[in-house]
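Could you work out the structure for the sequence below:
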Amino acid sequence: MKNYIFFILILFSIGAQANIDTVNHLKDTLKTTIGVENDSIITSTNTNGVIQEKNEKAENDNSNIFNILNVIIPIVTLFLGVGLDKIIGYFSNKKRITKVGNRWVAELYSLQGAFIPQIESLTSFKNQLTPEDSNIPNPILQIILRGSIFSSFDKYDLLEYIELKNKNIDWKQSVNISNQAVGYTTKISSIYETLIQNINEFKANSSLYTTSLSRDLQQFQRSMTVFAQDMEELTDMQSTELLRKVYELYRTHFAPHLEDSNFNPFDMENNFFKPLLEILSPHRKNMSVVALVNAITPCLNNIKAILLEKTYMRINLEHVIRIYEGLNEELPIIVEKVDFKSR
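The predicted structure is shown next:
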């Protein structure tokens, strides 16, 4: 656009110079004509001094007019160029503001189709985080709710767009609407980043505790072997009965998962370790029993940590879902305020 303005100014300058040259040419022509006429008049009426004075006065008047034009024409050309630049700049900026504002509105509208799928996905993810389910699912996230596109938009352009579209509101109202829209986009970005952080932390902590549990289960397996050997060396009925109960529980709920390592923490806690502690509790003075109990305790601590991580994640998801539901209800109101034509 600036190139076009520069080109137009050049044309004005050329035109002005042409006018000046034309005026100067006319001036010279008139001078020559007047001079010839004066010579003729002076020759023919050499005795008439009055006519000669009138011709000289006319020549001076024409010269003054030409001098004034030489000054006025460049000034007028300058003002025309500046005025034209202002006019073109105004319409160019108006067009740009309208384009940017329409982009704001379009991106806000696009959020409407993302909230419901996101809420459904997070609800499904939350429902899978049960103690009975040892798997950690991957939720489907709507990337548009990151809101990163809005960070590339100029907030002042949005304010100008609102003022342009809403002729019947004052500047303070325009600023308020602009702040609401910007605050809305900032909020969805913040919620999305918090959600990502919570999910990543949940996965990392769950993996950490699961790895630790796997290591503690191996230690329990070794302690269980030592316990069985100690019990076999004892010949009293009490030791034999204790070994039988422990082995039966071990054979039913622990041994089947040694090959596939598919240990469900919830089942391990409720169906194996807690019943095993009840069996061992009456024999807590037995050193072999004490060693086995010491191997069970870390396993229970890691299982508890895994289940707590699921509980915390469920609470966080419920909080995010409530926020997304509120943002989904608020979005049409924000769009309506920004885009006056939708009213």
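
which residue is nearest the middle of the chain?
Residue closest to the mean C-alpha point of the chain, counted by CA atoms, centre = their mean, is residue 148 at 2.0 Å.

Distance of that one relative to residue 262?
With distances defined as CB to CB, to the nearest Å, the gap from residue 148 to residue 262 amounts to 40 Å. Where C-beta positions appear, they are placed from N, C-alpha and C, glycine not excepted.

now residue 211
Relative to residue 262, residue 211 is positioned 15 Å away (CB to CB).

swap in residue 133?
When CB to CB is applied, the distance between residue 133 and residue 262 equals 12 Å.

Under a three-state scheme, what state does residue 106 occupy?
Residue 106 falls in the helix class when you classify it by DSSP: H, G, I helix; E, B strand; the rest coil.

okay, it: pLDDT?
The predicted local confidence for residue 106 comes out at a pLDDT of 87.

Counting neighbours, what do you get for it?
10 (other CB atoms under 10 Å).

low pLDDT regions in the stretch 51-200 of the chain?
Low-confidence regions of the stretch 51-200 of the chain, defined by pLDDT under 70, span residues 51-94, 96.

Quick one: the helices in it, in order.
Read by DSSP state H, counting those that start in this stretch, the stretch 51-200 of the chain holds these helices, from start to end of the chain: 155-165, 171-233.

how about those helices in CSV, adding mean neighbour count and distance to residue 114?
Conversion of the helices of the stretch 51-200 of the chain to CSV gives the following (neighbours: other CB atoms under 10 Å; distance: least, CB to CB, whole Å):
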stretch, mean neighbour count, distance to residue 114
helix 155-165, 19, 21
helix 171-233, 16, 9
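
how about those in JSON lines, adding distance to residue 127?
Converted to JSON lines, the helices of the stretch 51-200 of the chain look like this (distance: least, CB to CB, whole Å):
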{"stretch": "helix 155-165", "distance to residue 127": "39"}
{"stretch": "helix 171-233", "distance to residue 127": "15"}
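
who touches residue 292 in this structure?
Neighbouring residues of residue 292 by CB atoms under 8 Å, 6 or more residues apart in numbering: 220, 223, 224, 227, 280.

and it, what pLDDT?
Among the per-residue scores, residue 292 shows a pLDDT of 94.

now the angle between helix 155-165 and whichever strand or helix holds it, please.
For residue 292, the host element (DSSP states H and E) is helix 287-338. Put simply, helix 287-338 runs at 40 degrees to helix 155-165, going by axes from the mean of the first three to the mean of the last three CA atoms, to 10 degrees.

got the angle for helix 287-338 vs helix 171-233?
Angular relation of helix 287-338 and helix 171-233 on a 0 to 180 degree scale: 170 degrees, by the same axes, to 10 degrees.

re the thing from before, return the distance of the residue nearest to the centre of the chain relative to residue 207.
With distances defined as CB to CB, the gap from residue 148 to residue 207 amounts to 28 Å.

Skipping adjacent residues, who's closest to residue 104 in space?
Sequence neighbours aside, residue 158 is the residue nearest to residue 104 in space, at 5.4 Å (criterion: CB to CB, 6 or more residues apart in numbering).

so what's the one you found up against?
For residue 158, the contacting residues are 100, 101, 104, 178, 181, 182, 338, by CB under 8 Å, 6+ apart.

So which of those residues is the closest to residue 326?
Taking CB to CB as the measure, residue 326 sits nearest to residue 181 out of those, at 16.0 Å.

does the closest one really touch residue 338, like I thought?
Yes: with contact defined as CB atoms under 8 Å, residue 181 and residue 338 form a contacting pair (5.3 Å).

Need the residues touching each of these two.
Common contacts of residue 181 and residue 338, defined by CB under 8 Å, 6+ apart, comprise 104, 108, 158.

any idea which of the residues you listed is closest to residue 313?
Of all those, residue 108 has the smallest distance to residue 313: 30.0 Å, by CB to CB.

and the closest one, how many neighbours?
Burial of residue 108, expressed as a neighbour count using other CB under 10 Å, amounts to 19.

Give the closest residue to it in space, chain neighbours not counted.
Excluding its sequence neighbours, the residue lying closest to residue 108 (CB to CB, 6+ apart) is residue 335, at 5.0 Å.

Hmm, the one you found is touching residue 105, no?
Yes: look at residue 335 against residue 105 with CB under 8 Å: they come within range, at 6.5 Å.

Could you chop this protein up by domain?
Domains of the chain are assigned by automatic domain parsing as 2-93, 125-342.

Quick check: buried residues in stretch 116-127?
By neighbour count with 16 or more other CB atoms under 10 Å, stretch 116-127 contains the buried residues 118, 119, 122, 125, 126.

now that stretch: how far from the chain's centre is it?
Taking CA atoms, centre = their mean, to the nearest Å, the mean C-alpha location of stretch 116-127 is offset from the chain mean by 21 Å.

Could you do stretch 167-179 as well?
Relative to where its chain is centred, stretch 167-179 has its mean C-alpha point 23 Å off (CA atoms, centre = their mean).
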